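Engineer: Got a sequence here, can you model it:
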Amino acid sequence: MTEAGAGALREFLVVLALALVGLLLAVLAAFAPWYASPADAGGGAVVEMHSPQRPAPGSRGVAVDAG
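Structural biologist: As a prediction, the model looks like this:
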């Protein structure tokens, strides 16, 4: 009976170790910096924001260029 108990304990410890490794990898993926570091030559690009055009009165919902 002690042989089965030792095998079950060993299997439990292997599963626990694999779970801890998976948790560690998940934490690393969640908190690792994903943005470019200052050492990168490219840097970040500037993005312009534009609001959508409103439909003109009488255009039946079709947006027309105001300019």
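Engineer: how about the helices in this protein?
Structural biologist: Along the chain, the segments classed as helices by DSSP state H run 2-31.
Engineer: Where does pLDDT dip in it?
Structural biologist: Applying pLDDT under 70 to the chain picks out residues 1-3, 35-45, 61-67.
Engineer: number of nearby residues for A4?
Structural biologist: 8 (other C-beta atoms under 10 Å). Any C-beta I mention is one placed from the backbone N, CA and C, and that applies to glycine too.
Engineer: what separates it from L16, distance-wise?
Structural biologist: From A4 across to L16, the span is 19 Å (C-beta to C-beta, to the nearest Å).
Engineer: for G58, same thing?
Structural biologist: Relative to L16, and taking C-beta to C-beta, G58 is found at 70 Å.
Engineer: now do P52
Structural biologist: For P52, the distance to L16 - C-beta to C-beta - is 53 Å.
Engineer: now swap in V46 and tell me
Structural biologist: From V46 to L16 the distance is 48 Å (C-beta to C-beta).
Engineer: Neighbour count: the two, which is higher?
Structural biologist: L16 (10 against 5).
Engineer: what residues are up against the more buried one?
Structural biologist: If a contact means C-beta atoms under 8 Å, 6 or more residues apart in numbering, then L16 has no contacts.
Engineer: E11 now?
Structural biologist: Taking C-beta under 8 Å, 6+ apart as the test, E11 contacts no residue whatsoever.
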